[in-house]
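Student: 3D model of this:
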Amino acid sequence: MAVETEADADDGAESVTASVVGGSGFTGGELLRLLAGHPTLEIAEVTSRSKAGKSVGSVHPPLRGAELRFTEPDDLESVDVLFAATPHGVSMSQIDDFFDVADTVVDLSADFRLETEEQYDEWYDGHDAPEYLEKAEYALPEINRENLAGAELIAGGGCNATATILGLYPLFEHDILDGGEQVVVDVKVGSSEGGAGGGEASSHPERSGVVRPYAPTGHRHEAEIEQFLGTSVAFTCHAVDMIRGASATSHVFPSGPVSKGELWKAYRGSYEDEPFVRMAAGGSGVYRYPEPKAVAGTNYAEVGFELDPSNKRIVVFSAIDNMMKGSAGQAVHAANVALGLEETAGLEFAGLHPVGAP
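Tutor: Numbering: from 1, shown residues only. Reported below is the predicted structural model:
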């Protein structure tokens, strides 16, 4: 049963039908929350093998009262856009079936993020449908908006990669870096990154109070960063005691001196007109630099920087909600662009303050 939003009833606009495959996980719940409040996208179906027949609200508390139940994924209805919030490997094996029922497919897994079969051989376990890789468009509008318009297959970015790319992108776009410099990235992420079935390492007794390195080297998201920035990075991830959020601190060593004015010009040039990027670069107040707590539940990214007095190092900070800007929010944002809808539709929530730990 579809969920009709108040906006649909008020403006009479023709709705765009959407289904979510794999809707029982954390990201699936965020997708459903966004779609339920979207003025144009209308939920037609949400699938889950493990929760089939149960109400969506019994799994995702923000959706209590919605007249929507999980269905089996084998008999998908035809819709305008299908969101796949499934584990890695599922979409690539079912992509033909997805396109049989939808004109536009938005995949939130890692199945179509990289451009070549060789990359999947190196970073994952190969690819079952490599012919689709050249058709996919990366879902981050800030770096790929032009190619997203009219896209039929959209590949959601990884949350750690998204935070890192957004922080560093202006330095490459405005030629402060050329790809040959040393870049060291340290990312700290919340437990929701492990998903609803995160396992022993994500259980509260084990996660509480930790700053635990879990990917000192070789994290798969390095491939996305290298692909879209044209540089290699020394990349490390830590699991920390928060639920939502990804915070990236990047240490950049430019080949020549850079002024703070040049940095401001680069970041403003890249993001001044972006609806979901906020600058936080050493101003006044408590939250002087990007902070996951400040963007919890939103599609916003916060980006900032500081220049070392030696003029030999730039420290770049970026923060996102890993399930929103790093996944579900990014997917809806990209779908809005692809379908020619209002870009910010369904994503206007700006956050709360004060708020408990995300």
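
Student: how about stretch 124-135: buried residues?
Tutor: 124, 127, 132-133 (16 or more other C-beta atoms under 10 Å). Where you see a C-beta, it was placed from the backbone N, CA and C, and this is true even at glycine.

Student: For the residues you listed, work out which two are farthest apart.
Tutor: Comparing every pair within those by C-beta to C-beta identifies 124 and 132 as the most remote, at 14.6 Å.

Student: Run through the residues that contact residue 117.
Tutor: 126-127, 130, 133 (C-beta atoms under 8 Å, 6 or more residues apart in numbering).

Student: which one of those sits closest to residue 102?
Tutor: Nearest to residue 102 out of those is residue 133 (C-beta to C-beta; 18.7 Å).

Student: Can you show me the CA trace of stretch 316-332 as PDB?
Tutor: Extracted in PDB, the C-alpha atoms of stretch 316-332 (Å, rounded to 0.1, in the frame of the first residue of the first chain):
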ATOM      1  CA  VAL A 316      41.000  19.200   6.200                       C
ATOM      2  CA  PHE A 317      37.900  18.200   8.300                       C
ATOM      3  CA  SER A 318      34.700  16.800   7.000                       C
ATOM      4  CA  ALA A 319      31.700  15.300   8.800                       C
ATOM      5  CA  ILE A 320      28.500  13.500   7.600                       C
ATOM      6  CA  ASP A 321      25.800  11.300   8.900                       C
ATOM      7  CA  ASN A 322      26.900   8.000   7.500                       C
ATOM      8  CA  MET A 323      23.300   6.800   6.900                       C
ATOM      9  CA  MET A 324      22.100  10.000   5.400                       C
ATOM     10  CA  LYS A 325      24.700  11.900   3.300                       C
ATOM     11  CA  GLY A 326      26.700   8.700   3.300                       C
ATOM     12  CA  SER A 327      23.900   6.500   2.100                       C
ATOM     13  CA  ALA A 328      20.100   7.100   2.100                       C
ATOM     14  CA  GLY A 329      20.100  10.900   1.800                       C
ATOM     15  CA  GLN A 330      22.700  10.800  -1.000                       C
ATOM     16  CA  ALA A 331      20.500   8.200  -2.800                       C
ATOM     17  CA  VAL A 332      17.400  10.400  -2.600                       C
END
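
Student: Could you work out the end-to-end span of stretch 144-153 for me?
Tutor: 13 Å (C-alpha to C-alpha, to the nearest Å).

Student: Give me the contact list for it.
Tutor: For stretch 144-153, contacts defined as C-beta under 8 Å, 6+ apart pick out 95, 99, 103-105, 107, 112, 132, 135-139, 141, 154, 334, 337-338, 340.

Student: Please pick the buried ones from these.
Tutor: 95, 104-105, 107, 112, 132, 136-139, 141, 154, 334, 337-338.

Student: Now do the strands in this protein.
Tutor: Per DSSP state E, the chain carries strands over the ranges 16-21, 41-47, 70-71, 79-84, 102-107, 136-138, 153-155, 182-189, 211-215, 234-240, 246-253, 277-279, 301-307, 314-320.

Student: Run through this structure and note the low-pLDDT ranges.
Tutor: The model of the chain has pLDDT under 70 over residues 1-13, 357-358.

Student: measure residue 173 to residue 68 for me?
Tutor: 41 Å (C-beta to C-beta, to the nearest Å).
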